[in-house]
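Colleague: need a 3D model of the following:
(one chain, ligands or ions: 2)
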Amino acid sequence: MATTLSEAYRDTPLQLKHIIPLDFDSIHYLPESHVWTESVDLLSVDESDVPIIDLHAPDAVELVGNACRKWGMFQVINHGVPRSLLGDAESHVRRLFGLPAHRKLQALRSPGGATGYGVARISPFFSKLMWHEGFTIMGSSLEHAKLLWPQDYEEFCSAMDNYQKQMKSLAYKILVLILKSLEAKDEKTLISTASFQQSEGALQLNSYPCCPNHNQAIGLAPHTDSLLLTILHQNDTKGLQVLRENTGWITVPPVSEALVVNIGDLLNIVSNGQFPTVYHRVVPNETRHRFSMAYFYGPPVDSTVAPLSNLGSPRYRSVTVKEYLSIKNKHLDKAIPLLKTG
Ligand SMILES: O=C(O)CCC(=O)C(=O)O
Ligand SMILES: [Fe+2]
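Modeller: Numbers count the residues shown, from 1 in each chain. Ligands and ions are numbered 1, 2, ... in the order given. The predicted structure follows:
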């Protein structure tokens with residue numbers, strides 16, 4: 001039977017501190033466990049020229065290709081996702097994270113599990129904890145939504161289903177543009193063999209409450225996303241930053257109407273290293289509560305990903321999605337270098 005994404009994400013049981021977020025309602029200082037000054041360089045540049053691409057522009061393929069090569073990310077406008085749908089999903093996210101801590105803990109991710117309420121999955125790789133709480137959905141959110149709102153879960157589930165459906169179809173459109181920009185001769189083969197139409201997706205809801213002493217805290221530690229690409233909606237509060245060689249951390253400003261697209265590790269492999277995965281992080285804000293919704297899009301978990309054949313001798317070995325996720329779970333940043341062929 002085909003492996004599901006949530007099976008592939010299940011890992012060895014974690015310590016509770018790597019599952020249970022802080023009770024942000026009752027804590028009004030930055031605990032020592034969350035002070036990052038020694039381990040993270042928090043220097044950042046505020047102005048940003050992250051590309052904003054109109055998906056209907058006649059030269060969209062070229063713009064997308066250039067952005068992937070130079071930035072590993074971009075923002076898209078004219079993407080066809082109705083504003084009302086984004087607003088509706090965001091209001092459900094606010095409602096979820098606005099619940100008191102004891103209610104949210106009803107839907108806590110299980111120690112070896114992949115979905116539900118909890119801290120970021122990358123947490124065990126860092127000695128300090130992050131100023132963040134998350135909620136992960138893979139497929140239906142029913143199981144955990146019922147625990148949060150026993151009488152009143154349907155609206156949340158249907159908003160999340162709609163949101164995922166829209167994101168999946170947008171992700172597919174963007175992927176096709178990206179593959180065209182690589183002049184993928186075997187684009188057709190790639191799409192049909194990996195049956196990207198039957199792709200896998202996961203939705204990660206993120207909340208970064210107002211943070212005392214925010215200059216010493218981190219919302220989400222530097223990381224790359226694992227699948228092909230990520231589509232991110234952020235509320236009107238900045239915090240997302242991307243790492244640029246020779247410049248440092250650059251803020252990706254919230255642009256109303258725009259969605260952020262990040263290249264993930266699997267696309268780095270498919271592009272034979274032409275599109276590097278982008279390192280990104282989130283810095284918390286002192287006075288504003290930030291929310292985001294990240295949709296991770298990838299091929300079916302049992303399918304194989306390899307550099308496209310028209311892009312020269314392969315710099316990475318081929319790997320199944322399942323195997324890649326298991327390597328990433330163990331090695332985080334070292335996962336991609338471990339696949340290098342030469
Ligand atoms: O909150 C954000 O802007 C980024 C979230 C993110 O990077 C993730 O969920 O992987
Ligand atoms: Fe991310």
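
Colleague: ok now stretch 172-179, how far from the chain's centre?
Modeller: 17 Å (Cα atoms, centre = their mean, to the nearest Å).

Colleague: which parts of it are buried?
Modeller: I174, L175, V176, L177, I178, L179 (16 or more other Cβ atoms under 10 Å). All C-beta atoms are positioned from the backbone trio N, CA, C, and that covers glycine.

Colleague: format these as TSV; extra columns: secondary structure and pLDDT.
Modeller: TSV is the format used below for those (DSSP: H, G, I helix; E, B strand; the rest coil; pLDDT from 0 to 100):
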residue	secondary structure	pLDDT
I174	helix	96
L175	helix	93
V176	helix	90
L177	helix	93
I178	helix	94
L179	helix	91
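
Colleague: so where is this protein shaky, pLDDT-wise?
Modeller: Applying pLDDT under 70 to the chain flags residues 11-12, 38-48, 185-198.

Colleague: any chance you could map the helices in it?
Modeller: Along the chain, counting by DSSP state H, helices occupy 5-9, 60-70, 83-97, 101-104, 142-148, 154-181, 187-193, 265-270, 321-331, 335-338.

Colleague: can you tell me what sits against the third one?
Modeller: The set of residues external to helix 83-97 that reach it, using Cβ atoms under 8 Å, 6 or more residues apart in numbering, is 104, 133, 135, 148, 155-156, 159-160, 162-163, 166, 205, 207, 209, 233, 235, 257, 291, 293.

Colleague: what does the fourth one give?
Modeller: For helix 101-104, the surrounding residues in contact (Cβ under 8 Å, 6+ apart) are P21, D23, F24, D25, S26, L96, F97, Y117, E133, L148.

Colleague: dump the residue contacts of the fourth one.
Modeller: If I follow you right, that is D25. Applying Cβ under 8 Å, 6+ apart, the residues contacting D25 are P100, A101.

Colleague: okay but G113 is in contact with E7, surely?
Modeller: No - at 10.4 Å, G113 does not count as touching E7 under the criterion of Cβ atoms under 8 Å.

Colleague: between those two, which one's more packed in?
Modeller: G113 (17 against 14; other Cβ atoms under 10 Å).

Colleague: contact partners for that one?
Modeller: S6, R10.

Colleague: for it, give its distance to R10.
Modeller: Distance of G113 to R10, given as Cβ to Cβ, to the nearest Å: 6 Å.

Colleague: likewise for L232?
Modeller: 24 Å.

Colleague: who has more neighbours, the two?
Modeller: Using other Cβ under 10 Å as the criterion, L232 and R10 rank with L232 on top: 22 against 16.
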